[in-house]
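Let me see the structure of the following:
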Amino acid sequence: VSKSSPLVCATLPVKDVKDLSTRDDVATVYLNEGIDTPALEVAKVADEVWRVWAAGITGAGQTVGDLEPGDAATLTGPQPYDNWYLPRLTHMGSYPNNYYAHATAVSGIIASTHVRRTGMSYNAAIYGDGSNKGDRTEIAAGAQNLAGNYVDTVNYSGGSNQGGVLGLSILDRVMDDIVRVYADNMICAGGNEGNDGYIISPAQAYNVVAVGAFDDHNTGSFADDTMATFSSGVDPISAHSDREKPEVAAPGVNINSLTNSLLGNGDVGSGTSYAAPMVSGICALLGEKTPALNGWPEAVKAIVMATAWRNIEGASRLSELDGAGAVDAFKAMVTSNYNWPLGYKTPTNNNRGWGASSITPAWFDETGTLNTLAEVYLVAGKRFRACFSWDTNTSYANYTTQPSADLDLWLVNSSNIVVTSSSSWDNTYEIVDFTVPATGYYKLKAYNFRFDEAMTYAGWAWYSL
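Residues are numbered from 1 along each chain as shown. Predicted coordinates:
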């Protein structure tokens with residue numbers, strides 16, 4: 001019995017399963033068939049994380065869960081080694097007391113202490129849990145164990161292709177509840193189905209951050225970065241066909257990390273499996289730099305998306321394969337420094353910040369539609385990005401086709417004229433990206449188009465180059 005999601009896992013005769021499916025208090029019966037597989041297929045410069053380390057931020061005091069699907073390709077399970085360069089690794093739950101190759105590489109990207117294969121947040125603690133055979137019930141239990149007891153961020157570098165249909169896999173709801181119920185960051189690999197293949201489950205869930213993979217071509221230049229051909233790009237199916245996944249992209253081609261021997265390290269391969277832990281490491285860095293962010297995954301998501309300023313393909317605001325763009329650890333860190341109160345008029349010398357709040361229909365103004373998130377001073381000719389993110393409720397009747405709230409993001413000038421906006425139907429975030437036309441104060445506003453629940457949680461962030 002799950003302590004967070006409304007789920008019960010059991011082994012039953014076929015007749016009992018059929019009887020349960022007819023009950024009014026049973027929404028969906030999931031068959032635990034098939035298996036989740038690892039999302040397989042030097043990034044520190046591409047992520048700008050070296051600048052964060054230079055500021056003394058290394059993930060100290062933060063905890064990250066490496067939720068593993070198991071070696072589903074061979075079903076041989078873990079190999080008999082933990083790596084020396086994962087000194088703060090702890091095995092949890094029923095997960096075996098050793099790591100197989102995929103887990104070692106993923107954990108290494110997050111927290112390796114190797115002098116050359118250094119993890120993104122190398123002073124963070126790692127907790128491992130999950131399955132060693134791709135069993136979704138075991139993976140769900142592992143996720144809840146990690147989020148409920150041990151960690152601030154859960155990384156899941158696995159999943160399965162559900163044809164873009166939300167809710168077919170038990171893990172969609174479980175991962176959404178990791179964010180909403182446990183208030184943890186939930187980072188998922190977007191999948192390796194190809195640019196014309198669906199985003200996998202559970203990366204297709206609303207509240208998680210899905211990560212695509214790009215190729216930095218092993219250079220320090222950003223100019224030659226391209227999206228990986230294996231990175232999934234087809235959006236989940238929804239009521240209005242306008243969901244956008246992944247949210248961001250990170251390096252995922254020819255990645256160097258730890259390998260599965262005592263001192264092993266080197267090229268571990270390619271895949272969104274290795275892009276996702278880049279973002280999980282950034283989450284740990286933000287948590288150390290700004291402890292107020294721990295417990296506000298909505299704000300962390302908004303910061304990561306608003307500062308993913310570097311476009312790899314398509315439109316710079318949001319596009320099919322890289323989402324909001326390539327993650328930037330340094331810009332995310334400097335944005336996290338400024339936690340402004342709701343509606344605050346920021347100083348003229350500040351062009352970045354974030355906020356978070358629980359929200360209800362009454363949170364909006366007397367018309368029930370608008371609320372000012374911040375009043376920001378912007379300079380003409382500068383690029384400005386802002387993101388507003390909120391959670392959906394997995395118990396919502398229409399969960400599989402649309403989120404429980406539809407909110408929009410506006411930026412208005414001093415004459416109260418909307419100068420740019422973002423207004424999708426089925427996303428749980430909105431993002432704006434534009435060049436400022438005139439210097440002065442602008443108001444960043446949330447617009448309530450539809451709110452089909454009593455309360456949810458939201459975060460917002462903005463950054464001007």
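
Could you pull out the helices in the stretch 1-150 of the chain for me?
14-21, 49-54, 101-111, 136-149 (DSSP state H, counting those that start in this stretch).

Single out the most deeply packed of the ones you listed.
Neighbour counts (mean count of other C-beta atoms under 10 Å) averaged over each of the helices of the stretch 1-150 of the chain peak at helix 101-111, with a mean of 31. Yep, even glycine has a C-beta here, placed from its N, CA and C like the rest.

what helices or strands is that one leaning on?
strand 63-68, strand 125-130, strand 255-258, strand 265-269, helix 272-289 (3 or more C-beta pairs under 8 Å, 6 or more residues apart in numbering; DSSP states H and E).

Report the separation between residue 400 and residue 438.
For residue 400, the distance to residue 438 (C-beta to C-beta, to the nearest Å) stands at 44 Å.

More neighbours: which of those two?
Between residue 400 and residue 438, counting by other C-beta atoms under 10 Å, residue 400 is the more crowded of the two (18 against 12).

Neighbours of the closest residue to residue 393 other than its chain neighbours, how many?
The shortest distance from residue 393 to any non-neighbouring residue, by C-beta to C-beta, 6 or more residues apart in numbering, is to residue 404 (4.4 Å). Residue 404: 22 surrounding residues under other C-beta under 10 Å.

Now do the contacts for residue 404.
Counting by C-beta atoms under 8 Å, 6 or more residues apart in numbering, residue 404 touches 392-393, 396, 398, 452-453, 456.

With residue 267 instead?
Neighbours of residue 267 in contact, by C-beta under 8 Å, 6+ apart: 254-256.

And residue 199, by the same measure?
164, 190-191, 193, 210, 232-236, 245-246.

likewise residue 343?
Residue 343 neighbours (C-beta under 8 Å, 6+ apart): 371-375.

switch the cut-off to 6 Å
Applying C-beta atoms under 6 Å, 6 or more residues apart in numbering, we find residue 343 in contact with residue 372.

just residue 60 next, same as before
Counted by C-beta under 6 Å, 6+ apart, residue 60 has contacts 123, 288.

Determine which residue lies closest to the centroid of the chain.
residue 209 (1.9 Å; C-alpha atoms, centre = their mean).

now the strands for the stretch 51-200 of the chain?
Secondary structure of the stretch 51-200 of the chain, counting by DSSP state E, counting those that start in this stretch: strands at 63-68, 89-91, 125-130, 153-156, 158-159, 185-189.

Would you mind checking the average pLDDT for the fifth one?
The reference is to strand 158-159. Average pLDDT, strand 158-159: 94.

Mind listing the strands that strand pairs with, and their directions?
Strand pairing for strand 158-159, using DSSP bridges, gives strand 37-38 (antiparallel).

again, but for the first one
Here strand 63-68 has these sheet partners by DSSP bridges: strand 125-130 (parallel), strand 153-156 (parallel).

re earlier: and the contacts of residue 404, which two are furthest apart?
Farthest pair in those (C-beta to C-beta) is 398 and 456. Separation: 14.8 Å.

Neighbour count for those two, which is higher?
residue 456 (23 against 12).

hang on, isn't that one packed against residue 390?
Yes. Residue 456 lies in contact with residue 390 (C-beta atoms under 6 Å); the separation is 5.4 Å.

Okay, buried residues for stretch 83-92 please.
Buried positions in stretch 83-92, judged by neighbour count with 16 or more other C-beta atoms under 10 Å: 83, 85-86, 88-89, 91-92.

cool, stretch 416-426 as well?
Applying 16+ other C-beta under 10 Å to stretch 416-426 flags 419-420, 422, 424-426 as buried.

same question, stretch 308-316
Neighbour-count burial for stretch 308-316 [16+ other C-beta under 10 Å]: 308-313, 316.

between the residues you listed, which is closest to residue 170?
residue 308 (29.7 Å).

Tell me which helix or strand that closest one sits in.
Per DSSP states H and E: residue 308 is located in neither a helix nor a strand.
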